[in-house]
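Colleague: Build me a model:
(chains A and B)
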2 protein chains.
Amino acid sequence: MSHDASDDGYSEGDLRNTGMDLRHDREWDYELERIVDEIEERDAEKVGLQFPEGLKRRGPAVADDLREVVDDDVTILLSGQPCYGACDLDTYLMRRTDVFVHFGHSPMKESDQIIYVPLFSNVDPFPILEDSLDELPDPDDDPAVGLVTTAQHMNRFGEMVEWLEERGYEVHTRKGDDRLTYEGQVLGCNYASADIDADQILYVGGGKFHPMGLAMEHQDKHVVIGDPVNNVVTIADPDQFLKERYATVHKAMDAEKWGVIFCTKIGQGRWEKAEEILENNENAYLITMDEVTPDRLLNFDMDAFVNTGCPRITTDDGPQFHKPMVTPGEYEIAMGNKPLDELEFDTFHGTW
Amino acid sequence: MSHDASDDGYSEGDLRNTGMDLRHDREWDYELERIVDEIEERDAEKVGLQFPEGLKRRGPAVADDLREVVDDDVTILLSGQPCYGACDLDTYLMRRTDVFVHFGHSPMKESDQIIYVPLFSNVDPFPILEDSLDELPDPDDDPAVGLVTTAQHMNRFGEMVEWLEERGYEVHTRKGDDRLTYEGQVLGCNYASADIDADQILYVGGGKFHPMGLAMEHQDKHVVIGDPVNNVVTIADPDQFLKERYATVHKAMDAEKWGVIFCTKIGQGRWEKAEEILENNENAYLITMDEVTPDRLLNFDMDAFVNTGCPRITTDDGPQFHKPMVTPGEYEIAMGNKPLDELEFDTFHGTW
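Modeller: The predicted structure follows:
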């Protein structure tokens, strides 16, 4: 999986090809002073730092910078757990450190225990906005356009709205629901910010991971991808994605023994959903885990799995598992409780 | 890794080749009644079951048996976390279930929260004991022999001692330390039960995982392996194992940046050890994680790693990591604080 905000570079046409390298070097403002202030204020002895996968290699340099300025008795702990979003806090580290800093994602839920450091991109989005206009209708014909982006470009969101308005567009934005921090923000699992009254949506951000979810969730809308990281404008086409989903659901229709996965990550658990499935299917078995990986499921002799955790593991990594894996909505179709044409993206709401 | 008691079948000469299949089918006594009694007594609503890797596929059948006899409102949860020993409890599941059953390992520490179900082997050990005599000295020349085995053969330990005594041996046994449950028991990380006054040690059990650690720890002793599962008697030869360790330590001598791994699994943490290394090396960085895997460490740009967690990950899986990984003792050698000839097996003491 590679659905953290910092490195979601799919190459075109291959939804499962993830890129770990940032193509552009960035200036880093990781708010050293704010972290040091908290350490001093709390008289902290243990400081935990959690970075998403693509930024983990920066951890030691941040630790060096901190150690230079804080007292000698402060211990810095780097989280070695995988991290794919603000849904994926290292709660072990959080509970055992006096200051816990989560880098690269915006808050899914504010807490005194967590310092969120957003790490905004310093890529200039305006050249790609200019290019994107070719794929949007003339504002005189249809001025309504929705604008969405990821946490790392939120620092320029207001300017982007203005830029489009200056060119005659009526820009629709929305905060979405309480899983999202900012107006116009999308997550890999939540596109409520695109529930707006416009047929066109402009997504500004790197890679295809987010816009592909967006196009799945809003299949009636035209999704233009302005990618300032790879400097390319494309149209999100969820067709292959959808074909894979239909194929998987069809395979799962033959399943008798079902593994029902409950994810124990703080922001990825849907207990009611898991219990509901279990209560209504005597051939269903509840399996709890944090990382949902092909290796771990190989140990279970099931015909199919329904994953109540992160929907992107199901839709993006699904083909890597030894048995069909479906979302809770797809499960209802596979079981014959819902018609096939109700197949939709598995949006994840709420926090924890 | 495959160092749980139930499936440690190395093939000869390849220390990293793990086998997940039990070669012999076993009759299973997983103490259904005892579990049901606990569920009823505690009026449990949630029951967690944790199996080691090689037995996970049995979980659904155990869940079926339980569901047939307990109330409908009892939810059975199967742990999908990797599990390699009693050191490796699924604490998430344990803390969120009313009854938590850990199968296949003996207690590392008793707790009201945990029901341990040992799953003894029903393999007959006496034919292999008979064969093992060829590799032991005549009792008239040297009667002293140590006897050790794994948790799954403990049910026959007393009989095995008697059998050897009847044939003229003076059988030395020892409980070891508080990490071990039974007299004569070994763990992959602890061979204190072989600290006995005899030059010969007979290990009875499947595979080479345990006797190889035993031979590393007690290099002055002659270790005979009587393997009743694969029906073969061999002599444990730790030479290749040791060569690999020396090679790794030599590579690590060039390291500047060190990753110090602290394992967050309940029975695999050595905090003082990790902190001590960190305090004395300004180029050391503390990394916390539960599963210590090559994938996870790839994200860290270090020259070498010292693993304060499970020693068998270091010694057995070590070559799979992208950078040299050493035990805390080997780290002292690599840093020049100890001579090379003090290289020894990294025994793990204590519980939690």
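
Colleague: interface residues of chain A facing chain B?
Modeller: Within reach of chain B by Cβ under 8 Å from any Cβ of the partner chain, chain A has these residues: A:48, A:53, A:56-57, A:59-60, A:63, A:67, A:75-82, A:90, A:92-93, A:257, A:261-262, A:264, A:275, A:278, A:282, A:285-292, A:296-297, A:299-302. Where C-beta positions appear, they are placed from N, C-alpha and C, glycine not excepted.

Colleague: and those, which are buried?
Modeller: Neighbour-count burial (16 or more other Cβ atoms under 10 Å in any protein chain shown) applied to the residues of chain A next to chain B gives A:48, A:53, A:56, A:59-60, A:63, A:67, A:75-82, A:90, A:92-93, A:257, A:261-262, A:264, A:278, A:285-292, A:296-297, A:299-300, A:302.

Colleague: Return the subset of these lying in strands.
Modeller: Among these, DSSP state E puts A:48, A:75-79, A:261-262, A:285-289 in strands.

Colleague: Going by distance to chain B, which of the residues you listed wins?
Modeller: Closest approach between those and chain B, by Cβ to the nearest Cβ: residue A:289, at 3.3 Å.

Colleague: if you skip the residues just before and after it, what's nearest to the closest residue to chain B within the stretch 51-200 of chain A?
Modeller: With Cβ to the nearest Cβ, the shortest gap between the stretch 51-200 of chain A and chain B falls at residue A:80, namely 3.3 Å. Nearest non-adjacent residue to residue A:80, counting by Cβ to Cβ, 6 or more residues apart in numbering or on different chains: residue B:289, 3.3 Å away.

Colleague: now the one you found, which residues is it bridged with?
Modeller: Bridge pairing for residue B:289 (DSSP bridges) gives the partners residue B:263.

Colleague: Run through the residues that contact it.
Modeller: Contacts for residue B:289 (Cβ atoms under 8 Å, 6 or more residues apart in numbering or on different chains) come out as A:79-81, B:261-264, B:296.

Colleague: Specify the residue ranges that define each domain of chain A.
Modeller: Following automatic domain parsing, chain A resolves into domains at A:32-117, A:126-237, A:240-342.

Colleague: Contact partners for the residue nearest to residue A:181 when sequence neighbours are not counted?
Modeller: Spatial nearest neighbour of residue A:181, excluding adjacent residues (Cβ to Cβ, 6+ apart): residue A:106 at 3.8 Å. Contacts here follow Cβ under 8 Å, 6+ apart; on that basis residue A:106 touches A:86, A:116, A:118, A:151, A:154, A:181-182, A:185.

Colleague: repeat that with 10 Å
Modeller: Applying Cβ atoms under 10 Å, 6 or more residues apart in numbering or on different chains to residue A:106 gives the contacts A:5, A:85-86, A:116, A:118-119, A:150-152, A:154, A:180-182, A:185, A:187.

Colleague: which of these lies closest to residue B:346?
Modeller: For these, the minimum distance to residue B:346 (Cβ to Cβ) is 35.8 Å, reached by residue A:85.

Colleague: Report the buried residues of whichever strand or helix holds residue A:158.
Modeller: Counting by DSSP states H and E, the element that carries residue A:158 is helix A:157-166. Judged by neighbour count using 16+ other Cβ under 10 Å, the buried positions of helix A:157-166 are A:157, A:160-161, A:163-164.

Colleague: Let's test this: mean pLDDT of that helix, rounded?
Modeller: In this model, helix A:157-166 has a mean pLDDT of 98.

Colleague: how much distance is there from that helix to the middle of the chain?
Modeller: Offset of helix A:157-166 from its chain centre (Cα atoms, centre = their mean, to the nearest Å): 24 Å.

Colleague: Where do the helices of chain A begin and end?
Modeller: A:32-41, A:59-69, A:91-95, A:126-132, A:157-166, A:209-217, A:239-252, A:271-279, A:294-298, A:311-312, A:328-334 (DSSP state H).

Colleague: if we compare these, which one ends up closest to residue B:209?
Modeller: Of all those, helix A:294-298 comes closest under Cβ to Cβ, at 19.5 Å.

Colleague: what residues does that closest one touch?
Modeller: For helix A:294-298, the external contacting residues (Cβ under 10 Å, 6+ apart) are A:259, A:261, A:287, A:289-290, A:305, A:307, A:317-323, A:325, B:20, B:53, B:56-57, B:80-82, B:291, B:293.

Colleague: ok, 8 Å please
Modeller: Applying Cβ under 8 Å, 6+ apart, the contact partners of helix A:294-298 are A:259, A:261, A:287, A:289, A:305, A:317, A:320-323, A:325, B:80-82.

Colleague: Phi and psi next, for the most centrally placed residue in chain A.
Modeller: For chain A, the residue sitting closest to the mean C-alpha position, by Cα atoms, centre = their mean, is residue A:188 at 3.1 Å. Taking degrees, to the nearest 10, you get phi -60, psi -20 for the backbone angles of residue A:188.

Colleague: My read is that it contacts residue A:213, right?
Modeller: Yes: distance between residue A:188 and residue A:213: 5.7 Å, which falls inside the contact criterion (Cβ atoms under 8 Å).

Colleague: what's the overlap in contacts for those two?
Modeller: Contact criterion Cβ under 8 Å, 6+ apart; residues shared by residue A:188 and residue A:213: residue A:312.

Colleague: for stretch A:137-145, what is the average pLDDT?
Modeller: pLDDT averaged over stretch A:137-145 gives 97.

Colleague: cool, and stretch A:45-59?
Modeller: In this model, stretch A:45-59 carries a mean pLDDT of 95.

Colleague: Same check on stretch A:243-251?
Modeller: Averaging pLDDT along stretch A:243-251 gives 97.

Colleague: Of all the residues in it, which ones are buried?
Modeller: Within stretch A:243-251, the residues that count as buried by 16+ other Cβ under 10 Å are A:244-245, A:248-249, A:251.

Colleague: Report the distance from that stretch to the chain centre.
Modeller: Distance of stretch A:243-251 from the chain centroid (Cα atoms, centre = their mean) equals 23 Å.

Colleague: Which residues does it contact?
Modeller: With Cβ under 8 Å, 6+ apart, stretch A:243-251 has contacts from A:15, A:304, A:315, A:318-319, A:324-326, A:330, A:333-334, A:340, A:343.

Colleague: ok, now with 7 Å
Modeller: Residues from elsewhere that reach stretch A:243-251 (Cβ atoms under 7 Å, 6 or more residues apart in numbering or on different chains): A:315, A:318-319, A:324, A:326, A:330, A:333-334, A:343.

Colleague: Quick check: the residue nearest to residue A:91 when sequence neighbours are not counted vs residue B:46, distance?
Modeller: The shortest distance from residue A:91 to any non-neighbouring residue, by Cβ to Cβ, 6+ apart, is to residue A:266 (5.5 Å). Separation of residue A:266 from residue B:46 (Cβ to Cβ, to the nearest Å): 19 Å.

Colleague: do residue A:185 as well
Modeller: According to Cβ to Cβ, residue A:185 stands 35 Å off from residue B:46.

Colleague: for residue A:147, same thing?
Modeller: Counting by Cβ to Cβ - residue A:147 and residue B:46 are separated by 45 Å.

Colleague: Same question for residue A:188.
Modeller: As for residue A:188, its distance to residue B:46 is 30 Å (criterion: Cβ to Cβ).

Colleague: Residue A:267 too?
Modeller: From residue A:267 to residue B:46 the distance is 21 Å (Cβ to Cβ).

Colleague: Comparing these two, which shows the higher neighbour count?
Modeller: Between residue A:267 and residue B:46, counting by other Cβ atoms under 10 Å in any protein chain shown, residue A:267 is the more crowded of the two (21 against 17).

Colleague: My guess is that one contacts residue A:87. True?
Modeller: Yes: with contact defined as Cβ atoms under 7 Å, residue A:267 reaches residue A:87; the gap is 2.9 Å.
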